[in-house]
Every structure is written in structure tokens, then in C-alpha cells.
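# sequence first, predicted coordinates after that:
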Amino acid sequence: MNALDELRIGESLAEVTLSPVTRLDLIKYAGASGDYNPIHTIDEEAEKAGLPGIIAHGMWTMGNLAKLFTPYYEEAFIQDYSIRFKGMVFLEDVLTLQAEVTDHTDNTINFNVKAVNQEDKTVIKGKVVLSRYT
Amino acid sequence: MLTDSIGKRSEKVKNTVERGAVKKFAEAVGDLHPIYVCEETGRQSRYKQNIAPPTFPRVFDYGTIGALNLPEKGLIHGEEIYHYERPLKVGEDILCYSEVKDYYERNGKSGEMGFLLLKRYGEDLEGNLIFTEEQVVIITEAVRREMRV
């Protein structure tokens, strides 16, 4: 038995709540990913684009959400990870990361995943398929 | 016209999964797990090496698709889909390229929107597929007017 075997359909991985989003988080992600679109880091550019302020890179949130699965690296790997970007993430937003088991097969475990903000609004949602090593 | 770019591909570009880049990326997404950054943990793992986080392929160079000229600003990222055959290992070389899979237009609340489906590929040097990344990019009517498409 290992940790993944004990997960039943309908059960969730332990949620993770992130610290409030800071400008530095987004500057770091811009540098690490190479995505320098200024609507993520510079107020004036965000306003010019019609936004109330800078918004997080959708891929920053997607990258954060994947960490729910990192601890299982010896048992499985992320085979499929699909996300729809549903809502914008602003500075000071507090995101909670969630993953719920939807299906089990011999070789895979499927999850519904999402990140919600402090108002319980979903900002990204999608699916993860873990492929298990046999 | 963006429809003319459907099926067009970039040349393959050799990228390396660089240790420093993996660490910086893992830190930026708040996931400094030892499997990404600690050499000893990597050696003792089933991979015999550190691996890269699943969304790391953002950092690779996928070459340019000649027929495709997208603006730097004003694009909306609608969807993102990764598929992996196995995790990426730190230090390995990956051949990357991209392809325009589809383009279509739909009427939405802010006028006629364009939907561009880009697919990116990462292969090992023998040509075995390691991952694909599909991206749905939404191009608003305002941006399309500027692009004259």
C-alpha cells in the first residue's frame, strides 16, 4: 500500500492556501518563465489594457496548482494536466488549491483540480491524470 | 490570414533542461521540492536525477512559425493542456517545435473573437516524444483589427 492507494473517489488531497499574491511573486515568475507581458508587472500597462490593476500570469497559478502532486513523484507522474482560465487573479488575492479524486484505474488516478480566491470564486479549473508506476 | 497558418510548423530547436532554470522556476511557482533541486534526492529517486515541474516547458524556445505574426499584447490565454510520456530530467537535451493546429472565429460578447490553437512538442534527441503542450489563445476583435486579419 502507498499513499495513492488510500485515496478513494470523492476524497481530496490536503488543500494548500497560498500567501497573498505580491508584485514580487509575478516579477519572479516573469523572470523564471520568460513571460514579460507587462500587464502582469506594470500598473500603467495593465490600465492601458483596460484592467483595474496588474493580474497574475494564468500559468503562475497553473504552476502553483501542480505542487499538490509533487509529493507523489516516486509513485506516479502527471501524464495529463489541462486547465481553463476562468477568472483574473489580482494583487493581495488569496488562492486555495484543491484536487479531488474522480476516478481510479489500474494505471491512473484522475482528479478535478481548481484554484479558488478568497471569495470562493474559481480562477482556474481543470483535470489531472496521474500515471502510476507499476 | 490566420487560417493560412493552420498546419505550419517551426523548425526544431535544441533546448537543455538547465539546473539553474529549474530551480528558479520551482521557486517562482512556490514548489522548491527536493526532487527538483536537491541532487542527492534526485540520485536516490526512480529517475536517478532531478526532474522539472510539469509547467516548466514554458521556458523552452520552440522556434518561430514564419507565417504567424502575433502581437505581443492583447492576447487572452484561454486554455492550457499538457501531456507527458514521462517527466523531464535535469540536464537532458530536448528538441522543441511548435505548430498551428487550428484557427476559427466565433461571435462573443465583445465582438468576433478569434481562437488560435497552438501545439508545442518536446522530443528527445532520438525523436521520441516526451511532452506536448496545447494552448488556446483568444484574439479579441480589437486586436484582430490592429493585425488586419
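Sure thing, it's come through.

# count the residues that sit near the closest residue to residue B:4 other than its chain neighbours.
Closest residue to residue B:4 in three dimensions, ignoring its sequence neighbours and counting by Cβ to Cβ, 6 or more residues apart in numbering or on different chains: residue B:67, at 6.2 Å. Where you see a C-beta, it was placed from the backbone N, CA and C, and this is true even at glycine. By other Cβ atoms under 10 Å in any protein chain shown, 13 other residues sit near residue B:67.

# which stretch of helix or strand covers residue B:67?
Here residue B:67, judged by DSSP states H and E, is contained in no helix and no strand.

# which parts of stretch A:113-123 are buried?
Within stretch A:113-123, the residues that count as buried by 16 or more other Cβ atoms under 10 Å in any protein chain shown are A:113-117, A:123.

# just stretch B:60-70 next, same as before
Counting neighbours by 16+ other Cβ under 10 Å, stretch B:60-70 gives B:60, B:62-63, B:65, B:68, B:70 as buried.

# over to stretch A:44-54?
Those would be A:46, A:54, for stretch A:44-54 by 16+ other Cβ under 10 Å.

# neighbouring contacts of that stretch?
A:23, A:26, A:38-43, A:55, A:88, A:90-91, B:73-74 (Cβ atoms under 8 Å, 6 or more residues apart in numbering or on different chains).

# so is the lowest-mean-pLDDT helix or strand in chain B next to chain A?
For chain B, using mean pLDDT, DSSP states H and E, the weakest element among its helices and strands is helix B:141-147, scoring a mean of 75. No - applying Cβ under 8 Å from any Cβ of the partner chain, one finds helix B:141-147 out of contact with chain A, separated by at least 9.5 Å.

# same for that helix, what does it pack against?
strand B:111-123 (3 or more Cβ pairs under 8 Å, 6 or more residues apart in numbering or on different chains; DSSP states H and E).

# can you show me the CA trace of the strand it packs on as PDB?
Provided in PDB are the C-alpha atoms of strand B:111-123 (Å, rounded to 0.1, in the frame of the first residue of the first chain):
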ATOM      1  CA  GLY B 111     -17.500  41.100 -30.800                       C
ATOM      2  CA  GLU B 112     -16.000  38.500 -33.100                       C
ATOM      3  CA  MET B 113     -13.300  36.500 -31.300                       C
ATOM      4  CA  GLY B 114     -10.500  34.500 -32.900                       C
ATOM      5  CA  PHE B 115      -9.400  31.200 -31.400                       C
ATOM      6  CA  LEU B 116      -5.900  30.000 -32.200                       C
ATOM      7  CA  LEU B 117      -4.800  26.500 -31.200                       C
ATOM      8  CA  LEU B 118      -1.100  26.200 -30.900                       C
ATOM      9  CA  LYS B 119       0.600  22.900 -30.100                       C
ATOM     10  CA  ARG B 120       4.100  22.500 -28.900                       C
ATOM     11  CA  TYR B 121       6.200  19.400 -28.800                       C
ATOM     12  CA  GLY B 122       9.300  18.200 -26.900                       C
ATOM     13  CA  GLU B 123      11.300  15.200 -28.100                       C
END
